[in-house]
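J.: Give me a model of this one.
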Amino acid sequence: MTHTLEQFAARCHDILKAEPGPAGRGKVCALLQSVLTDASFTAKHLDDATPERKILYEDPELGFCILAHQYRGAKESPPHDHGPSWAIYGQVAGETEMSDYQLLEKATPGKPGRVRKLRTYKLTPSVAHVYNEGDLHSPKRTGPTQLIRIEGVNMEKVKRLKFQAV
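T.: Predicted coordinates:
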């Protein structure tokens, strides 16, 4: 099935408006997995010129964003959450090694929180995963990767606290 960004965004909007919590996000995650298998959709929104972060759509009512990400080489991020929001990561190409963490000590603006690694798993093409509010995780990429990601709000506008693995 061929998807358009407009149709995908409208369907995400309808789902999230009807079910704004984790159940709705699970449905959006399943929808994203079907979009990830649509080669024409991914080719249209991810090409050689795509930067590391490109907002494809920002919902004017609910505030969620659909983004394209292209990483040209290895990249590792420290443990983090999405502040007061959530995110759904969808792997288009390459592989992301994702680790989940348990919070040991809360972060404050002046002091990183402390976390302990719980598990590590791989996001491979056509796999999507939901990270709800407070879910701590860290992505590691050893080579080129492409993702379609959905954020509950535009994370460029959110100040996040830092976390340190122990």
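
J.: part of a strand, is residue 41?
T.: No: under DSSP: H, G, I helix; E, B strand; the rest coil, residue 41 sits outside any strand and is assigned helix.

J.: Was I right to think it contacts residue 7?
T.: No: in this structure, residue 41 is not within contact of residue 7 by CB atoms under 8 Å, at 9.7 Å. Using the backbone N, CA and C atoms, a C-beta is placed for each residue, glycine as well.

J.: Next one, pLDDT for the residue nearest in space to the middle of the chain please.
T.: Nearest residue to the geometric centre of the chain (CA atoms, centre = their mean): residue 89, 3.2 Å. For residue 89, the model assigns a pLDDT of 98.

J.: and it, what does it touch?
T.: Listed by CB atoms under 8 Å, 6 or more residues apart in numbering, the contact partners of residue 89 are 96, 98, 123, 128-129, 131, 139, 147, 149.

J.: can you rerun that using 6 Å?
T.: 129, 147, 149 (CB atoms under 6 Å, 6 or more residues apart in numbering).

J.: Phi first, then psi, for residue 145.
T.: phi -140, psi 160 (degrees, to the nearest 10).

J.: Any idea how many residues pack against it?
T.: 22 (other CB atoms under 10 Å).

J.: ok, what's across the strand from it?
T.: Beta bridges link residue 145 to residue 71, judged by DSSP bridges.

J.: Surely it touches residue 71?
T.: Yes: between residue 145 and residue 71 there is a contact at 4.8 Å, judged by CB atoms under 6 Å.

J.: Now do the shared contacts for those two.
T.: With CB under 6 Å, 6+ apart, residue 145 and residue 71 have no common neighbours.

J.: Quick check: closest non-adjacent residue to residue 22.
T.: Leaving aside its chain neighbours, residue 22 sits nearest to residue 132 (5.5 Å; criterion: CB to CB, 6 or more residues apart in numbering).

J.: The one you found touches residue 24, doesn't it?
T.: No: at 11.1 Å, residue 132 and residue 24 do not qualify as touching, with contact defined as CB under 6 Å.

J.: So what does residue 27 look like in phi/psi?
T.: phi -70, psi -40.
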